[in-house]
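**Student:** got a sequence here, can you build the structure:
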Amino acid sequence: MNLPRPLLLAATCLTVSAICISAAHASPPMPPNLADLAAKLLPSVVSIASTAPVTDNASPPADPNAAPNADPDQGKATGGLKPNQAADPASGSVLPPPKAEEALGSGFVIDPAGFIVTNDHVIDGATSVTVTFQDGTILPATVVGTDKDGDLAVLKVDAGHKLPAVTFGDSTKLRVGDWVFAIGDPFGLANSASAGIVSALHRDISEGKYDDFIQTDATINRGNSGGPLFNAQGQVIGVNSAIYSPSGGSIGIGFAIPAAMVQPIAASLEANGTVQRGWLGVGTENVTPEIQKLLDLPGTDGALIASVTANSPASGKLQPGDVLTSLNNTPITGTRSLLIRTAEIPAGQIAHAQFYRNGSQQTADITIAVPPPQPAPGTVAPEAAANLTLTSIGVSVAATSSQDGAHILSVTANGPAAKAGIVAADVVEAVGAITVNSAADLKEALAKLAATHQQTATLLIDGDDATGTDPGPRWVAVVSQ
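**Tutor:** Numbers count the residues shown, from 1 in each chain. Model (predicted):
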């Protein structure tokens, strides 16, 4: 890394005080000495080898000439184990040995009782897992639990004594430019350390719905998967999980799952063997400049509440039209940010929410819950719908109550709704803060606006946008006639 040259000052002093400013004081801080930390932490970092049989329909080897985009750092080497050959009793011929695939990765001890964190993709499908410590001790490991959505797993070994464990740091306090270092097993080279800085935060590399990676230029290669990313205080602030690598090796773009996500998942897997992410019970959309102006917001950060599920944690606390800006003192920048922040909060914990409502900032304490079970497959045929024409906005709506909004049957050409981008089959779920469950609700809400001489109706619409895709509920301003 090229550091700026020190500022060179002339050897002169200021007046009689003879106070000189040295170049050393003006120069930027040098990389910290990590040798003592590495020596302390190496015994807590392990190499992991997992073996799984290769089936006939296994994926063919990757094209070595291909240039992957976001390369999952799986660190796999085929042909690890070769069991003895066996005879086929039917034909008397000798069968080739069953093939095996060995995945090589890293992990780290989080509990002196022998619990170890790694990536799910390191041990996925494995029939046996072994763990090697810095002193050469090799122990069999059992899989306590896995979280495929978060690409995390917890293993357990029985060492017969307490193991040195690491501690988690606060990854929400990270800033771009902070020093970090990684320890792991790249290409099977155990106990390898590398250092760098935080290159970026909150990276979404399209690997999963909870992508919120720390990007680092610390050297990370295949086999580093599941290993820790430490801060300069020796605390785990991430789990190394992927690299961007057109060549297959490190080019200085690595990705780590932040500790804010890892710590609650690891604790849940250790205690229960499963993960139950938190659920708020809201439908949201991002705040556009148009919505910002319409709701008189200071900026476009936050998640606009589009709907609130009945009997959910948010029911009675939040309402459509609110803009959630912070959860547990962590800023919410948009819908994805809210999804990730909520998933980091264990069920049963109280979350402090900050939000804007009617132009003023408000707060609420919400008890995060377990997501409800998914409904059984199958749908009930809807009742035949009768038309209810609402000329003020130029739509025809199904008159029967559906309890999930007012279903638009047709839109008047060049009418107010059509000009706002509303189309047939859209569903109106709210008018401002008023929830709409039927055409009657929509008619009543529009009448209230007309009675106060308000021409602009802010409608919460669910349905396809102008591109023909369904972005989820969205707010639309309709100027009535």
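**Student:** for stretch 125-136, measure first residue to last.
**Tutor:** End-to-end span of stretch 125-136 (CA to CA, to the nearest Å): 25 Å.
**Student:** just the mean pLDDT for stretch 369-384, thanks.
**Tutor:** The pLDDT scores in stretch 369-384 average 59.
**Student:** over to stretch 152-166?
**Tutor:** Stretch 152-166 shows a mean pLDDT of 96.
**Student:** stretch 212-230 too?
**Tutor:** The model assigns stretch 212-230 a mean pLDDT of 94.
**Student:** got it, and stretch 119-139?
**Tutor:** pLDDT averaged over stretch 119-139 gives 95.
**Student:** grab the most central residue of this protein for me.
**Tutor:** Centroid check for the chain by CA atoms, centre = their mean gives Tyr210 as the closest residue, at 2.3 Å.
**Student:** now it, what's its secondary structure?
**Tutor:** What DSSP: H, G, I helix; E, B strand; the rest coil gives for Tyr210 is coil.
**Student:** isn't it up against Leu152?
**Tutor:** No. Between Tyr210 and Leu152 there is no contact under CB atoms under 8 Å: 10.1 Å. All C-beta atoms are positioned from the backbone trio N, CA, C, and that covers glycine.
**Student:** so how far is Ala451 from the residue nearest to the centre of the chain?
**Tutor:** Plainly put, Tyr210 is 46 Å away from Ala451 if you go by CB to CB, to the nearest Å.
**Student:** what do you get for Pro298?
**Tutor:** 31 Å.
**Student:** which one's more surrounded, the two?
**Tutor:** Pro298 (12 against 8; other CB atoms under 10 Å).
**Student:** now do the SS call for the more buried one.
**Tutor:** coil.
**Student:** over to Gln233?
**Tutor:** coil.
**Student:** residues in contact with it?
**Tutor:** Gly169 (CB atoms under 8 Å, 6 or more residues apart in numbering).
**Student:** and if you look at the one 3 residues further on?
**Tutor:** If a contact means CB under 8 Å, 6+ apart, then Val236 has Phe108, Val166, Thr167, Phe168, Gly169, Pro228, Leu229, Phe230, Ala259, Val262 as its contacts.
**Student:** can you do 7 Å?
**Tutor:** Contacts for Val236 were tallied using CB atoms under 7 Å, 6 or more residues apart in numbering; they are Phe108, Val166, Thr167, Phe168, Gly169, Pro228, Phe230, Ala259.
**Student:** just the buried ones among those, please.
**Tutor:** Phe108, Val166, Phe168, Gly169, Pro228, Phe230, Ala259 (16 or more other CB atoms under 10 Å).
**Student:** next step: these restricted to helices.
**Tutor:** Ala259 (DSSP state H).
**Student:** distance to Gly415 added to the buried ones among the contacts of Val236, as a markdown table?
**Tutor:** A markdown table is the format used below for those (distance: CB to CB, whole Å):
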| residue | distance to Gly415 |
| --- | --- |
| Phe108 | 62 |
| Val166 | 63 |
| Phe168 | 57 |
| Gly169 | 57 |
| Pro228 | 60 |
| Phe230 | 61 |
| Ala259 | 53 |
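**Student:** among the buried ones among the contacts of Val236, which two are most distant?
**Tutor:** Spatially, the most separated pair among those is Phe108 and Gly169, at 12.9 Å (CB to CB).
**Student:** what confidence value was assigned to Leu449?
**Tutor:** At Leu449, pLDDT is 84.
**Student:** how far off centre is the strand or helix carrying it?
**Tutor:** If you go by DSSP states H and E, Leu449 is part of helix 439-451. From the chain centre to the centre of helix 439-451 is a distance of 40 Å (CA atoms, centre = their mean, to the nearest Å).
**Student:** other SSEs contacting it?
**Tutor:** Judged by 3 or more CB pairs under 7 Å, 6 or more residues apart in numbering; DSSP states H and E, helix 439-451 is in contact with strand 387-390, strand 395-398, strand 406-411, strand 427-431.
**Student:** out of these, which comes closest to Ala190?
**Tutor:** strand 427-431 (55.8 Å).
**Student:** ok, residues contacting the closest one?
**Tutor:** By CB under 7 Å, 6+ apart, strand 427-431 touches 306-307, 320, 404-408, 436, 442, 445-446, 457-463, 473.
**Student:** now a PyMOL select for only the buried ones of those.
**Tutor:** Selection of buried members from the contacts of strand 427-431 for PyMOL, criterion 16+ other CB under 10 Å:
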select buried, resi 306+307+320+405+406+407+408+436+442+445+446+457+458+459+460+461+462+463+473
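**Student:** so where's the stretch 301-450 of the chain uncertain?
**Tutor:** For the stretch 301-450 of the chain, the stretches flagged by pLDDT under 70 are 374-387, 399-403, 409, 424.
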